[in-house]
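1. Below is the structure, and that's it, no one-letter string:
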């Protein structure tokens, strides 16, 4: 099987057919239309075997997650997903691996309404780079820089489950088979909050997705907005599974664990009613965790009103050099 | 140095400032505007160390070439370059490597008028994925599928020099120091034919860039257009440096060598005058090499009127499996 056959077999017609794709996979480049009065939103993430996922991660999960993390970035801009491109480095042509990888991609692409418009497949170490493209009405993207003093801080879903899944998979946390299954599912199959992000267009003043850990990612909002915040440790949303382990593992994974791909966003007081109406329909739930303040920095307040020390602000590549 | 500092130091404000970039590097995604009545053109290429370039290739050349090959794809669509994104896998944070890599990128970005709008930098094997974005007026992209019987086939510049450079670098061809310098320059610093590609909008009926070798890439045009072609071996453009070696190395590299990044395109007879006026200004030159015919397949005709056997139609990843 050569490169062209490989693309034809596993990646042709991947995702929903769209009228705004004039030329898709198969020419020197793709050609697409952006609707009038809309802006293009572009994001990219690179996943590397052994760095972003343990080597034994199933191909289906790798395909799913590589797309999910990019959709999560579009969600954090309140954008509507449209297309994606992919660069795939493969050590070998393993047909069952490719089959499962493309099935994982396709499942998420189908439900997200996006389509693969191009890419490049080469021999090399296993790496998956995906670029996702979406739209916003002109000027309506929700940026990190829009948080203002007094805004309420929210987060969707639960935090920390993915981090426990990873700790279990790499042998740093002992989990029962049932626990490992649950937490690995959270790690491998994060649900991009596409609908929620889109609904927050016009409601959230600032937004980010939690990929490096809440403290680090909320920190990006604070820095970009030139503000600070206090959040209540007791309000941080954790799952029933996490609660059972909290005495053993503490709450570090909630504040500093990565890979949750929930949305963290701020809402001005005047729009809290709008948010509550929206969120009534959200399966993932939403939790208010604190407020934006003028004093710079992030303060995590414990139940006694004291400050929680944060040792590790989030995963950073190259930070040990 | 952490990931954010690395991006700030080496990749902030890379390329020309553009009014159509609303949000660049630093948020969850970039936000850009596509002009009215224009379509977006998207391409991506992944370069892997040891596969696409020898491990000892200078960082400056890697940065330059990773962008050049994507600009070449935009040129082959007759598109105007606008922005690019990048996924960078780095085994370590080598400051002098990063400095040189970003300098190579920047030099080409500056002359091309494009700007870096986003990316992802992670620890991993050395891989450089670039996505380039450009525009065409609605419906004006030059595709592979537009060649018609009777069209004239052209190629810009010279073919085969890059292939000889690679053969020399990997020790499969003995070259003098001067020869190696010349051919390595062709391999490492291909000049994307951006201006020429853009000028061919409305003139070329089909176009592709020669990345896998002329025979393979012209073959893509023939297949997409449902036609065949004959080309004259004696007309294939080779450099004065190549001519000196042709007795020793033959013309395989001209037909089947990759990495030339010249444009191969077809022009209907009625537009040959237009082409000649355009091409009078082109430093790279342009050569007519053959005609489109109805019989499927590519025929290379030697000086005696016989058919040249082609053993190796072009580089393909995974083709040995």
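-> Nice, I can see it. Remember, predicted model here, so these are calculated numbers, not experimental data. Numbering: from 1, shown residues only, chains lettered A, B, ... in the order given.
2. residues near residue A:294, how many?
-> Neighbourhood size, residue A:294 [other CB atoms under 10 Å in any protein chain shown]: 10. The way it works is simple: take the backbone N, C-alpha and C, and place the C-beta from them, glycine included.
3. Then residue A:116?
-> Neighbours of residue A:116 using other CB under 10 Å come to 25.
4. quick check: domain ranges of chain A?
-> Chain A resolves into domains spanning A:3-137, A:144-301 when parsed by automatic domain parsing.
5. Out of those, which gets nearest to residue B:272?
-> The closest approach between residue B:272 and any of the domains of chain A, judged by CB to CB, belongs to domain A:3-137 at 23.2 Å.
6. right, and residue A:146 touches residue A:203 too?
-> No - between residue A:146 and residue A:203 there is no contact under CB atoms under 8 Å: 11.3 Å.
7. isn't there a helix covering residue A:93?
-> No - counting by DSSP: H, G, I helix; E, B strand; the rest coil, residue A:93 is located in no helix; its state is coil.
8. wait, isn't it in contact with residue A:7?
-> No - using CB under 8 Å as the test, residue A:93 is too far from residue A:7 to be in contact (11.6 Å).
9. Now for residue A:137: which residues touch it?
-> Residues near residue A:137 by CB atoms under 8 Å, 6 or more residues apart in numbering or on different chains: A:37-39, A:201.
10. Apply 6 Å and report the result again.
-> residue A:38 (CB atoms under 6 Å, 6 or more residues apart in numbering or on different chains).
11. so what does the helix or strand containing residue A:274 touch, helix or strand wise?
-> Per DSSP states H and E: residue A:274 is located in helix A:272-279. If contacts are counted by 3 or more CB pairs under 6 Å, 6 or more residues apart in numbering or on different chains; DSSP states H and E, helix A:272-279 sits against no helix or strand.
12. Give the residue spans of chain A that score low on pLDDT.
-> Scanning chain A with the threshold set as pLDDT under 70 gives A:311-321.
13. What ranges does the stretch 201-321 of chain A have for its strands?
-> A:206-209, A:228-232, A:263-267, A:286-293, A:297-301 (DSSP state E, counting those that start in this stretch).
14. continuing past the helix or strand containing residue A:129, what's the next helix or strand?
-> Using DSSP H and E, residue A:129 sits in strand A:127-137. Using DSSP H and E, the helix or strand that follows strand A:127-137 in sequence is strand A:152-156.
15. Can you check what angle separates that next one from strand A:286-293?
-> 150 degrees (axes from the mean of the first three to the mean of the last three CA atoms, to 10 degrees).
16. re earlier: quick check: buried residues in the strand holding residue A:129?
-> Under the neighbour-count criterion of 16 or more other CB atoms under 10 Å in any protein chain shown, strand A:127-137 has A:127-136 buried.
17. got the contact list for residue A:158?
-> Contact partners of residue A:158, counting by CB under 6 Å, 6+ apart, are A:237-239.
18. looking at the strands of the stretch 201-321 of chain A, which is closest to chain B?
-> Ranking these by proximity to chain B (CB to the nearest CB) places strand A:206-209 first, at 6.0 Å.
19. Give the pairing partners of that closest one; include direction for each.
-> strand A:263-267 (antiparallel) (DSSP bridges).
20. From the rest of the structure, what touches the partner strand?
-> If you take CB under 6 Å, 6+ apart as the criterion, strand A:263-267 is touched by A:147, A:151-156, A:193, A:197, A:200, A:204-210, A:217-218, A:275, A:292.
21. List the residues that contact the nearest residue to residue A:300 once chain neighbours are set aside.
-> Leaving aside its sequence neighbours, residue A:300 sits nearest to residue A:308 (CB to CB, 6 or more residues apart in numbering or on different chains; 4.0 Å). Going by CB under 6 Å, 6+ apart, residue A:308 touches A:233, A:300, A:302.
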